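In: For reference, the sequence and a predicted model appear below.
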Amino acid sequence: MYVGRFLLFGRTEEGESVAVYGVCSRSFPDRRAKVSGDTAHIVPEDPEDVIENPYIAYTCARVVDDHLVLTNGAQTVPIADKLEDGVPPREALISVTFAMDYEHDEYGTPRISLVTDGESAWLGKAARDEVTFVRVEPGDGEGYLLSVYGEYSDVPREPNVVLSGDDPLSVEPVASFDHFVCAVVARRTEDEWRLEARN
């Protein structure tokens, strides 16, 4: 199953909050996730690739105090900036994602965005023909998965993933996504978010 990019937020069966931003790509598979402190980026191995498509390099994660921002594009930074300025998570996520709209590339790629404090999350999508935002609150072992394309491209209102085991990338359907390239896995432990690059 090909989904393009995806977001996953939930709680493990032990109650640990986890979030994932993942990249599956057919066009630009030579990309890596890189973590630097409280920020993570998606970068091409060949910087010249950005000339061909400026949407393939971006900040995908940023921690702001108790909150984690995860997105599939340039909306990460302005959402995080609004949080730093004291704007509530709902307003920050919706206003920025809606204003930036879908990516005006040849595919009309939807923007997908998430802001979470570890207990609940605002999750949303701005596409060419759809704008949807919902608040989700998973129980232990439950996850919410949103992808750019395919079967999981509708913003979920109910949990649609079972988070069993320690590795959120190993659960189904995530483990069977085609053309997986890289991901950032975030875990909330001891009241702080920790980011890990998975390449």
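Out: Now that the structure is in, tell me what you want to look at.

In: Would you mind confirming that Gly10 is in contact with Ser164?
Out: No. Shown here, Gly10 and Ser164 do not form a contact pair, counting by Cβ atoms under 8 Å, at 10.7 Å. Where C-beta positions appear, they are placed from N, C-alpha and C, glycine not excepted.

In: between those two, what contacts are shared?
Out: Gly141 (Cβ atoms under 8 Å, 6 or more residues apart in numbering).

In: So the two - more neighbours on which side?
Out: Gly10 (27 against 14; other Cβ atoms under 10 Å).

In: Helix, strand or coil: sort out that one for me.
Out: strand (DSSP: H, G, I helix; E, B strand; the rest coil).

In: what about Glu151, distance to Phe177?
Out: Separation of Glu151 from Phe177 (Cβ to Cβ, to the nearest Å) stands at 10 Å.

In: More neighbours: which of those two?
Out: Legend: neighbour count by other Cβ under 10 Å for Glu151 and Phe177, higher for Phe177 (20 against 12).

In: just to revisit the earlier point, overlap in contacts, Glu151 and Phe177.
Out: Counting by Cβ under 8 Å, 6+ apart, the contacts common to Glu151 and Phe177 are 1, 3.

In: Just the pLDDT for the closest residue in space to Val50 that isn't next to it in sequence.
Out: With Cβ to Cβ, 6 or more residues apart in numbering as the criterion, Val50 has its nearest non-adjacent residue at 5.2 Å, and that residue is Ala57. Reported pLDDT at Ala57 in the predicted model: 95.

In: May I have the phi/psi pair for Ala57?
Out: phi -120, psi 130 (degrees, to the nearest 10).

In: Would you mind confirming that it makes contact with His41?
Out: Yes. Judged on Cβ under 8 Å, Ala57 makes contact with His41 at a distance of 7.3 Å.
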